[in-house]
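Asks: Whatever this is, show me its structure:
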Amino acid sequence: MTLQARFPTLFEQPYSGEWLAEQDEHFTPNTVSAYGHALVDYFRFCAMQGINPPDANRADVLAYVRDLKTRSKSVAHASPAKRPQYARNTAHEGFANATIRLRIATVRLYYDYLTDEGIRVKNPVKKGQYTKFRTFGGGKRGLVARYEKPPWLPNETQWQALLNAASSEPIRNRFMLALAYDGGLRRGELCALEGGDMDPSGPLVRLRAATTKTQRAREVPYSQTTADLYKAYLKHRRRLNPTSDLLFLSESRRNKAQPLTFWTWSKVVQALGKRAGLPLLTTHTLRHLRLTDLARAGWTLPQIAAFAGHSSEDTTKLYIHFSAQELSERFRQTLGSLLDWRQETLKASLV
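Replies: Numbers count the residues shown, from 1 in each chain. Presented below is the predicted three-dimensional model:
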């Protein structure tokens, strides 16, 4: 489906369709889709407020931020076309911080385009800036503050509960779960795999640049357990559609042998979490857990960043999570060296 067919609202407005088409040349389909949905939401807000998007000022953008923070997802506050979706997702007032930041970043990029094209003189969206070597007061905050909430990770008991729940799943789901953890794969990367991306001789998974978030190809290993599951899955896979290049296919009656979407995979994992008593489990939990396990095993930050396909080690740091108990145990284990000596000098001098 073309961008114009997916986002007709944007192509009815001047400049926005051209902007989205330009993004399509530089970013992955998932990123472009996120940008498209974000800008459609902003245009919907502008229409309700009688604002012409290309002429919006800073006060208009601030009003949109307030709307995102307080908007009710009830039917009464949704546009007629979106009422069924809003009704199904009614859970709380306002959107998550990450969602708000994504939408405002999209709006900023849209106005950057208008400024570059000479349509506007100034971008109404304030961009946060960081000044090196200055911590307090050394930067300028953007319209939306960034809040990083530590993700939930399963402990050993919860991990076993997940595996127990997964043991009765079809071979496809068991293989996908193991491969997603082993490779620390994003859901989009996992569902876009083709048969030729698997290298049993490694064993390695080759992730093509076009399927990754950073558009950088990489190879990641997988375990013997996953290799055994892969071998069993191949026998099943050949019966579904032996001519398709994609590794994972839908097995539902409605979409038999069609490409498996990451939305479907998300639902599979969500259902697994529910059965295992782990309501916080998501597809991304497996990626966070894998990278944290690599750090626990002594991998260096550059090694983990390369494994994860991160363009910055700062991003990798957000994925590594040690519990207070783990940090205490690590502290006790290292007391036999320099820390031990330092503690002795502290005790001798200060106690």
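Asks: From now on I want contacts and neighbour counts done on CA atoms only, so please keep to that.
Replies: Fine.
Asks: Need the contact partners of stretch 169-182.
Replies: For stretch 169-182, contacts defined as CA atoms under 8 Å, 6 or more residues apart in numbering pick out 166-167, 185-187, 190, 221-223, 225-226, 229-230, 232-233, 236, 248, 268, 286-287, 289-290.
Asks: what about the strands in the stretch 201-350 of the chain?
Replies: 204-207, 218-221 (DSSP state E, counting those that start in this stretch).
Asks: any chance of these in JSON lines, with distance to Arg101 too?
Replies: As requested, the strands of the stretch 201-350 of the chain are exported to JSON lines (distance: least, CA to CA, whole Å):
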{"stretch": "strand 204-207", "distance to Arg101": "28"}
{"stretch": "strand 218-221", "distance to Arg101": "28"}
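Asks: and those strands, which is most packed in?
Replies: Here the criterion is mean neighbour count by mean count of other CA atoms under 10 Å, and of the strands of the stretch 201-350 of the chain the winner is strand 204-207, at a mean of 20.
Asks: so how far is Asn57 from Pro124?
Replies: Using CA to CA, to the nearest Å, Pro124 is found at 5 Å from Asn57.
Asks: Who has more neighbours out of those two?
Replies: When Pro124 is set against Asn57 and neighbours are counted by other CA atoms under 10 Å, the residue ahead is Pro124, at 19 against 15.
Asks: which residues sit in contact with the more buried one?
Replies: 56-58, 61, 108, 111.
Asks: Check Thr115 too.
Replies: By CA under 8 Å, 6+ apart, the residues touching Thr115 are 121-123.
Asks: Could you pull out the helices in the stretch 251-351 of the chain for me?
Replies: Using DSSP state H, counting those that start in this stretch, the helices of the stretch 251-351 of the chain run over 262-275, 283-296, 301-308, 313-317, 324-333, 338-350.
Asks: Nearest to Trp299 among the contacts of Thr115?
Replies: When those are compared for distance to Trp299 (CA to CA), Asn123 wins out at 42.8 Å.
Asks: Give the residue spans of the stretch 51-200 of the chain that score low on pLDDT.
Replies: Per-residue confidence of the stretch 51-200 of the chain (counting by pLDDT under 70) places the weak regions at 73-92, 128-143, 145-148.
Asks: Show me where it has its strands.
Replies: For the stretch 51-200 of the chain, the strands defined by DSSP E, counting those that start in this stretch occupy 129-130, 139-140, 198-199.
Asks: on that earlier part again, among the contacts of stretch 169-182, name the ones in helices.
Replies: Within those, residues falling in helices by DSSP state H are 166, 187, 190, 225-226, 229-230, 232-233, 236, 268, 286-287, 289-290.
Asks: Would you point out the most distant pair within the residues you listed?
Replies: Taking every pair in the ones in helices among the contacts of stretch 169-182 and measuring CA to CA, the maximum separation is 28.6 Å, between His236 and Leu289.
Asks: between the two, which one's more packed in?
Replies: Higher neighbour count among His236 and Leu289: Leu289, with 22 against 14, using other CA under 10 Å.
Asks: Ala47: what secondary structure?
Replies: Secondary structure assignment for Ala47 (DSSP: H, G, I helix; E, B strand; the rest coil): helix.
Asks: Domain parsing of this protein, as residue ranges.
Replies: Under automatic domain parsing, the residue ranges defining each domain of the chain are 3-140, 159-318, 321-351.
Asks: tell me the contacts of Leu249?
Replies: In this structure, Leu249 makes contact with 240, 256-260, judged by CA under 8 Å, 6+ apart.
Asks: And the pLDDT for it?
Replies: The predicted structure scores Leu249 at 93 on the pLDDT scale.
Asks: Could you pick out the buried ones from the contacts of stretch 169-182?
Replies: By the neighbour-count criterion of 16 or more other CA atoms under 10 Å, those include these buried positions: 166, 185-187, 190, 221-223, 226, 229-230, 233, 248, 268, 286-287, 289-290.
Asks: Please tell me I have it right and Tyr42 contacts Thr106.
Replies: No. Using CA atoms under 8 Å, Tyr42 makes no contact with Thr106, being 9.3 Å away.
Asks: Would you agree Phe95 is in contact with Lys69?
Replies: Yes. The pair formed by Phe95 and Lys69 meets the contact definition of CA under 8 Å, at 5.8 Å.
Asks: how many neighbours does Phe208 have?
Replies: If you look again at residue 208, you'll see it is Arg, not Phe. Close neighbours of Arg208, defined as other CA under 10 Å, add up to 17.
Asks: do the same with Ala56
Replies: The tally of other residues near Ala56 (other CA under 10 Å) stands at 16.
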